[in-house]
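Colleague: predicted model follows, preceded by the sequence.
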Amino acid sequence: MKKSNELFNTILGLDEPWEVERVDLSIEQNEVTIYVKYNSNKGICPECQQKCDIYDIRESRKWRHLDTCQLKTYIVASLPRIKCHAHKVKTISVPWAESNQHFSYLFESYAIEFLQATLNQTKVSRLLRISFSQINTIMKRAVNRGLKRRSQAEIEYLGIDEKSMKKGHNYMTILYDLQQGVVLDAIEGRKEESAIKVMQSVKESNHCDSLKAVSMDMWKAYINSSKAVFPDVDIVHDKFHLMKYLNEGVDKTRRKEASKLYKVDDNSLKHTKYLFLKNTENMTAKQSLRFEEVKSMNLETCKAWAIKENFKEFFNCTTINKGKFFFNAWYNDVKESGLKYMIEVSDMIARHWNGIISYLRHKITNSLSENINGRIQQIKTIARGFRAFENYRVSILFYLGNLDMSSQGIL
Ligand SMILES: [Zn+2]
């Protein structure tokens, strides 16, 4: 038995005064239990690192460790308490785990890597033979560790966006670091109160002194929250959201015109919805031909479509002055077109002018959030939905936060 004690001493990386006392094997229960002993009458105070006298020994504790040849393996030890002059009676730290946790550092790290590789909590819970709630605890602890270590990087560009959580009107707000391409945090809701809360928390746990701009939709709650938390930082209205409003203007124009034409038996606009919404470069040859045909008919919808297409030129303007010049000309064209829905969108854009023109200063967009939204959906599907928002948030940060979550013992 002495040999196996030495073997486990080496495997666990134990140094004096820690020592494996004995190893029990239970074939019936598929378990290996490693009993570890502390051989000294002195110990280190966990608060001040001073060497102190041992005061007493607490009852034994058990930690799940990595399997030994597919046998569940536990470490069992009775932890001494020291008496420090400054910090009174304290339990000493152990080298293989946090003393108040159920898993060793190595087990936890293995679970983290496994989860990241599979994205699948159910599978990992089954293969590691631990409960779903223990998986959640490991993930939550990992995320909290990661968030505490994150304050190093300077953030220059933030993105804020909403994501619907379920069918209906449940939303969450997500904050991104646009340069690193990571999720910084997520919160339930998309009202001003939630947005302020999440921005405030990101501001407190990261370096935001060099923040230059926040990219967002023209959603009032997000504009107000950014002004409240980062009053000196530019707001940039996101290009993809702007194009979405313009597309909606084109679609409303098409629907109205189509129904007018149907009344006089004119089917020119039948089945054309996606022709007007699709990028021309993504069309099939057949679609292109049909689209050319529709465009030659001098319809209001085609004028609306041209207005939307022309606006894309704004994003290519190389200076603020060119941008101003372009916008004024475009805005006049829209007014002259007399197209109600396009005028409405152009007025909305004009009302948000500061956030529009600042695009040319910073050239940032929320395109990253599109990509990340797909991955969030994947996480949600694999986890078969989340009952509590906090678990959802933990999963998003665990997989998409690019956090350093390694457990303390193996840093
Ligand atoms: Zn102390």
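Modeller: Good, I have the coordinates.

Colleague: okay, CA-based contacts and neighbour counts for the rest of this
Modeller: Will do.

Colleague: I would like the residues contacting stretch 351-360, please.
Modeller: 218, 234-238, 315, 317-320, 323-324, 349 (C-alpha atoms under 8 Å, 6 or more residues apart in numbering).

Colleague: which positions in it come out as buried?
Modeller: Using 16 or more other C-alpha atoms under 10 Å as the test for burial, stretch 351-360 gives 355-360.

Colleague: only alpha carbons, please: show that stretch as PDB.
Modeller: Provided in PDB are the C-alpha atoms of stretch 351-360 (Å, rounded to 0.1, in the frame of the first residue of the first chain):
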ATOM      1  CA  ARG A 351     -33.400  63.600 -35.700                       C
ATOM      2  CA  HIS A 352     -30.500  61.300 -34.700                       C
ATOM      3  CA  TRP A 353     -28.000  63.300 -36.700                       C
ATOM      4  CA  ASN A 354     -25.200  63.400 -34.100                       C
ATOM      5  CA  GLY A 355     -25.100  59.600 -33.800                       C
ATOM      6  CA  ILE A 356     -25.300  59.300 -37.600                       C
ATOM      7  CA  ILE A 357     -22.400  61.500 -38.500                       C
ATOM      8  CA  SER A 358     -20.200  60.100 -35.700                       C
ATOM      9  CA  TYR A 359     -20.100  56.900 -37.700                       C
ATOM     10  CA  LEU A 360     -17.600  58.600 -40.000                       C
END
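
Colleague: quick one: that stretch to chain centroid distance?
Modeller: 27 Å (C-alpha atoms, centre = their mean, to the nearest Å).

Colleague: mean confidence (pLDDT) on stretch 344-357, please.
Modeller: Here stretch 344-357 scores 97 as its mean pLDDT.

Colleague: ditto for stretch 220-234
Modeller: 97.

Colleague: among the buried residues of stretch 351-360, which ones are in helices?
Modeller: Among the buried residues of stretch 351-360, DSSP state H puts 355-360 in helices.

Colleague: tell me which of the contacts of stretch 351-360 is nearest to the ion?
Modeller: D234 (48.2 Å; C-alpha to the ion).

Colleague: which residues pair with that closest one across the strands?
Modeller: With DSSP bridges as the criterion, D234 is bridged to A213.

Colleague: doesn't S210 make contact with it?
Modeller: No - contact criterion C-alpha atoms under 8 Å: D234 and S210 do not qualify, at 11.9 Å.

Colleague: count of residues packed around T122?
Modeller: As a burial measure, T122 scores 17 neighbours (other C-alpha atoms under 10 Å).

Colleague: tell me which element it falls in.
Modeller: Per DSSP states H and E, T122 falls inside helix 121-128.

Colleague: what inclination does the helix or strand following that helix have with respect to helix 121-128?
Modeller: For helix 121-128, the succeeding helix or strand toward the C-terminus, using DSSP H and E, is helix 132-149. For helix 132-149 against helix 121-128, the angle by axes from the mean of the first three to the mean of the last three C-alpha atoms, to 10 degrees is 110 degrees.

Colleague: make 131 the starting number, not 1.
Modeller: Will do, 131 is the new start, and the previous item becomes helix 262-279.

Colleague: elements contacting helix 262-279?
Modeller: Taking 3 or more C-alpha pairs under 8 Å, 6 or more residues apart in numbering; DSSP states H and E as contact, the helices and strands that helix 262-279 lies on are helix 235-248, helix 251-258, helix 519-530.

Colleague: nearest to the ion, out of those?
Modeller: Closest among the helices and strands packed on helix 262-279, using C-alpha to the ion: helix 235-248, at 24.0 Å.

Colleague: what's that closest one in contact with?
Modeller: The contact list for helix 235-248 (C-alpha under 8 Å, 6+ apart) reads 194-196, 226-228, 251, 254, 258, 268-269, 272, 529, 536-540.

Colleague: tell me the buried residues in that helix?
Modeller: Buried residues in helix 235-248, counted by 16+ other C-alpha under 10 Å: 235-242, 244-245.

Colleague: between those residues, which is closest to Y375?
Modeller: The closest of those to Y375 turns out to be L245 (C-alpha to C-alpha; 38.9 Å).

Colleague: how far away is the residue nearest to D145 when sequence neighbours are not counted from V153?
Modeller: Excluding its sequence neighbours, the residue lying closest to D145 (C-alpha to C-alpha, 6 or more residues apart in numbering) is N139, at 7.9 Å. Taking C-alpha to C-alpha, to the nearest Å as the measure, N139 and V153 are separated by 11 Å.
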